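Here you go, sequence then predicted model.
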Amino acid sequence: MHKADLSKAPTQVSAMFDEVAPRYDLTNTVLSLGNDRLWRVVTTRAIGAVPGERILDLAAGTGTSSASIAGTGASVVAADFSPGMLAEGRRRYGHINRISFVEADATKLPFADNEFDATTISFGLRNVVNPKQAIAEMLRVTKPGGRLVICEFSTPPNKLWRGLYDFYLHRVSPVLVRLASSNPDAYDYLNESIQAWPAQAELAQWMREAGWTDVEYRNLTGGITALHRGIKAS
């Protein structure tokens, strides 16, 4: 079984996700106590896609988020660096002609400048070896006036809620993982990556430094996750 570490070596992370692909969505639903579905709905609404637009869904995994976006009538490129995840995505959603699956490195996207009306990434940015470079690449491939939406685990601002969440990560989630996941060790890394990820304001600053404008964020589920949004200047 593969387990990545916080060096986030791309080959290690990719191999780890290849192994967990078949039960990845089920495990996420169990670990989030069903909140992953709510977060997906909120993210899709924040993207605001409409028919005729072209959306890049980066770190799309098994394509569940891409299918949600495609439901708006937009065309979606589901990009991920894990061949196993993409294979599972094609198996589940390959019949949806508005979704195309592409293997891609978030730090070196194989797309032209100004290609997408909106770019989004959900629960994948913290797994990128150089997230600042990925944010800059997302700016490059987004059209002027286009949107970026990032949904990622974050830091609850309330001290009591943050303490309860830490208890859940350390004590409860490992038990649930061993019941639901095909590779429980992989989720040790995922827990570590959540705890090492910067808080909301720091991620917002990374976006501004990359060139995104009108950057704002809102907390979901008390700050367990946060939705960051930005616009590419026209």
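Yep, it's here.

got a list of what Ile69 touches?
44, 47, 49, 55, 57, 76, 120 (C-beta atoms under 8 Å, 6 or more residues apart in numbering). Every C-beta, even on glycine, is put in place using the N, C-alpha and C of the backbone.

redo that, cut-off 10 Å
40, 43-44, 47, 49, 53, 55-57, 60, 63, 75-76, 78, 98-99, 118, 120, 149 (C-beta atoms under 10 Å, 6 or more residues apart in numbering).

From the residues you listed, list just the buried residues.
40, 43-44, 47, 49, 53, 55-57, 60, 63, 75-76, 78, 98-99, 118, 120, 149 (16 or more other C-beta atoms under 10 Å).

Go through the residues you listed and flag which are in helices.
Among those, DSSP state H puts 40, 43-44, 47 in helices.

would you turn these into CSV with pLDDT and distance to Tyr93?
Compiled in CSV, those are given as follows (pLDDT from 0 to 100; distance: C-beta to C-beta, whole Å):
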residue, pLDDT, distance to Tyr93
Arg40, 96, 14
Thr43, 98, 17
Thr44, 98, 15
Ile47, 98, 17
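
tell me which of those is nearest to Pro198?
When these are compared for distance to Pro198 (C-beta to C-beta), Thr43 wins out at 19.3 Å.

Please tell me I have it right and that closest one contacts Gly124.
No - the pair Thr43 / Gly124 is not scored as a contact, 12.0 Å apart, by C-beta atoms under 10 Å.

Common neighbours of the two, please.
Joint contacts of Thr43 and Gly124 (C-beta under 10 Å, 6+ apart) are 57, 65, 150-151.

Let's have these in a markdown table, adding distance to Lys159.
A markdown table is the format used below for the shared contacts of Thr43 and Gly124 (distance: C-beta to C-beta, whole Å):
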| residue | distance to Lys159 |
| --- | --- |
| Asp57 | 34 |
| Ser65 | 31 |
| Ile150 | 25 |
| Cys151 | 24 |
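
Out of those residues, which sit inside strands?
57, 150-151 (DSSP state E).

Please tabulate those residues in CSV and include distance to Asn158 as additional columns.
Compiled in CSV, those are given as follows (distance: C-beta to C-beta, whole Å):
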residue, distance to Asn158
Asp57, 31
Ile150, 22
Cys151, 20
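
Pipe these into TSV and attach pLDDT and distance to Gly163 per row.
Converted to TSV, these look like this (pLDDT from 0 to 100; distance: C-beta to C-beta, whole Å):
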residue	pLDDT	distance to Gly163
Asp57	98	34
Ile150	98	25
Cys151	98	23
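
can you list the weak-confidence ranges in this protein?
1-8, 13, 18, 20-21, 180-187 (pLDDT under 70).

Of all residues in it, which one is nearest the centre?
Ser122 (2.1 Å; C-alpha atoms, centre = their mean).
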